[in-house]
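Trainee: Requesting a structural model of the entry that follows:
(one chain, ligands or ions: 1)
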Amino acid sequence: MSLQCRIDRALAATPPGRCVWVALSGGLDSSLLLTLTAEACRRHPRPLRALHIHHGLQSGADGFERHCRRLCSRLGVPLFVKPVTVDRAAGQGLEGAARTARYAAFAERVAPGETLWLAQHRNDQAETFLLAALRGSGVRGLAGMAACRDWRARRLERPLLGVARSTLEAEGGRQGLAWVEDPSNDDQSLDRNFLRHAVLPLLASRWPHAGAALSHSAALAGEADALLAELAELDLERLGGDPARLPVGGLEALSDPRRRLLVRYCCDRLGLARPAAQRLETLLAQLGAREGAEVRVAWPGAEARIWRGRLHLLAPPEPLPAGWQAEWDGRSCLSTPLGEVRVSLDRADGAAVRLKVAPRQGGERLRLPGRGRRDLKRLLQELGVPPWERGRLLVVREGDVPVAVIDPVNKAWLAFAEGWVSRRESLE
Ligand SMILES: Nc1ncnc2c1ncn2[C@@H]1O[C@H](COP(=O)(O)OP(=O)(O)OP(=O)(O)O)[C@@H](O)[C@H]1O
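Mentor: From the prediction side, this is the model:
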């Protein structure tokens, strides 16, 4: 199939009428992808735009932008240039930080429902596969880049993923295409460039189809990964279906690999980072912890707790700033550091109130309707409020007397003292 035909087909498969964006770096691959897509759009008109991210990292960065402008004006495609600031201190290395900034810019420019095309090709996929294998990745990593996937309500597609770089070079030459070479692509101190320039040519000298074979293995790994997700979903359903609260007994009944798979799958479902292998082992070793032990295993961006026979997966709870407190009339929207809560709190007799809201300090007691004075700590235990949520609860006081307790994150009342009611229970 010719390259043009491949792009025509990919375009025909995207939802009609919706804008297609091409991520244009100015290199051969994305310059050619845009050229072919513009040609396809001439024959089957639809909105097409190009997006260039100006990282400002190299002295030649303005040259990339100039090239993109020239190409887009020749093709008659509207170009959007987005300057970004790359946060070098983010601990991801320069390449990783540039990638993070680039994707944030993609999400800003490309609207939900629209499609973004990237120009990675088969050789890029083979490199990604080898990099994952050298990190010791499982099937998820070995699967490399997806040819298409949903990403933050947008569609990300790589129509050239099955095409060899040599085919793109030949087509670029045939069309007399101009492009800009990124000098950093030659820097062999970077792992990917070392594979590209030193390792893959050596492999191909012995196995001419090395690139195709490696990217085929990536596709097979992708399929295996999808099957494993189906298995994990079945296990999750059998264990109650809530990825944030897995029953420890049910987990213990699974084989070790299935248990690991399920925890990683639940992290994905919850949008949490997966634990690294060692952290996951540490966590699973704690499943048998004695009743009442407070187990917490954390990793960047997420943590797990074992409490009352369940494994809880969560984002690290945001603490309330020390010393925060607010006055409240019981009527207006309650603005807290953890979000706004639209609630009301009234005296049952309708009298006007002047209230103070502050984090729980410990030792509070509440006079509950029909139950007398109760220790708040005991009450929270009875209500099943997990210990990590207790630190962010807010106690509403009249004078020094606690009259209600609210969870500002789940936007829920937990208790009212006798003589107090909320007339607006719908909280949002
Ligand atoms: N600065 C950028 N602006 C817009 N899109 C970009 C930018 N850098 C990369 N991309 C997109 O991401 C894809 C992969 O990036 P990568 O860095 O591997 O490619 P490249 O070698 O810079 O460029 P090309 O793929 O065009 O030769 C590119 O093909 C392009 O679609």
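Trainee: When you work out contacts or count neighbours from here on, use the C-alpha atoms and nothing else.
Mentor: Fine.
Trainee: Looking at the stretch 201-350 of the chain, what residue ends up closest to the ligand?
Mentor: residue 215 (15.4 Å; Cα to the nearest ligand atom).
Trainee: roughly how far apart are the residue nearest to residue 157 when sequence neighbours are not counted and the ligand?
Mentor: Of all residues not flanking residue 157 in the chain, residue 148 sits nearest, at 4.2 Å (Cα to Cα, 6 or more residues apart in numbering). Separation of residue 148 from the ligand (Cα to the nearest ligand atom, to the nearest Å): 13 Å.
Trainee: for residue 410, same thing?
Mentor: Separation of residue 410 from the ligand (Cα to the nearest ligand atom): 39 Å.
Trainee: Same check on residue 106?
Mentor: According to Cα to the nearest ligand atom, residue 106 and the ligand sit 8 Å apart.
Trainee: element containing that residue, please.
Mentor: Assigned by DSSP states H and E, residue 106 falls within helix 93-109.
Trainee: what do you get for residue 178?
Mentor: Taking DSSP H and E as the definition, residue 178 sits outside all helices and strands.
Trainee: Show the contacting residues for it.
Mentor: Going by Cα atoms under 8 Å, 6 or more residues apart in numbering, residue 178 touches 28, 172.
Trainee: Quick check: pLDDT value at it.
Mentor: Residue 178 is assigned 93 on the pLDDT scale.
Trainee: What residues does the protein have near the ligand?
Mentor: 23-31, 51-54, 118-120 (Cα under 6 Å from any ligand atom).
Trainee: Of all pairs in those residues, which one is the farthest apart?
Mentor: In these, two members sit farther apart than any others by Cα to Cα. They are 54 and 120, at 18.6 Å.
Trainee: buried residues in stretch 342-352?
Mentor: Buried residues in stretch 342-352, defined by neighbour count with 16 or more other Cα atoms under 10 Å: 342-347.
Trainee: Please enumerate the helices of the stretch 1-150 of the chain.
Mentor: With DSSP state H, counting those that start in this stretch, the ranges of helices along the stretch 1-150 of the chain come out as 3-12, 28-43, 61-75, 93-109, 122-134, 139-142.
Trainee: Check the stretch 251-400 of the chain too.
Mentor: 256-270, 277-285, 376-383, 387-390.
Trainee: Pull the number of nearby residues for the residue of the stretch 201-350 of the chain closest to the ligand.
Mentor: The number of residues packed near residue 215 is 27, by other Cα atoms under 10 Å.
Trainee: Neighbours of the nearest residue to it once chain neighbours are set aside, how many?
Mentor: Closest residue to residue 215 apart from its sequence neighbours, by Cα to Cα, 6+ apart: residue 126 at 4.9 Å. By other Cα under 10 Å, 26 other residues sit near residue 126.
Trainee: Could you do residue 98 as well?
Mentor: Neighbours around residue 98, by other Cα under 10 Å: 22.
Trainee: show me the residues around it that make contact.
Mentor: By Cα under 8 Å, 6+ apart, the residues touching residue 98 are 55, 86-87.
Trainee: which among the residues you listed end up buried?
Mentor: Neighbour-count burial (16+ other Cα under 10 Å) is assigned, among the contacts of residue 98, to 55, 86.
Trainee: Now tabulate the contacts of residue 98 in TSV and tack on pLDDT and distance to residue 404.
Mentor: Shown next, in TSV, are the contacts of residue 98 (pLDDT from 0 to 100; distance: Cα to Cα, whole Å):
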residue	pLDDT	distance to residue 404
55	88	51
86	87	46
87	83	44
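Trainee: just how off-centre is the one helix or strand residue 173 maps to within its chain?
Mentor: Element membership for residue 173 (DSSP H and E) is helix 165-174. Relative to its chain's centre, helix 165-174 lies at 35 Å (Cα atoms, centre = their mean, to the nearest Å).
Trainee: With stretch 64-82 instead?
Mentor: The chain centroid and the centroid of stretch 64-82 are separated by 30 Å, computed with Cα atoms, centre = their mean.
Trainee: Over to stretch 110-123?
Mentor: Computed by Cα atoms, centre = their mean, the chain-centroid distance of stretch 110-123 equals 17 Å.
Trainee: gap between the two ends of it?
Mentor: One end of stretch 110-123 sits 27 Å from the other (Cα to Cα, to the nearest Å).
Trainee: Pull out the buried positions in it.
Mentor: Residues of stretch 110-123 classed as buried: 110, 114-123 (neighbour count, 16+ other Cα under 10 Å).
Trainee: With distance to residue 299 and pLDDT as added columns, please give the residues you listed in CSV.
Mentor: Listed next are the buried residues of stretch 110-123 as CSV, based on distance: Cα to Cα, whole Å; pLDDT from 0 to 100:
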residue, distance to residue 299, pLDDT
110, 31, 97
114, 34, 96
115, 33, 96
116, 32, 98
117, 33, 98
118, 31, 98
119, 33, 98
120, 31, 98
121, 33, 97
122, 34, 97
123, 33, 96
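Trainee: Quick check: longest helix in this protein by residues?
Mentor: When the chain is scanned for its longest helix (criterion: DSSP state H), the result is helix 210-238.
Trainee: Excluding covalently adjacent residues, which one is nearest to the residue in the chain sticking out farthest from the centre?
Mentor: Farthest-out residue of the chain from its mean C-alpha position, per Cα atoms, centre = their mean: residue 349, at 48.7 Å. Of all residues not flanking residue 349 in the chain, residue 419 sits nearest, at 7.5 Å (Cα to Cα, 6+ apart).
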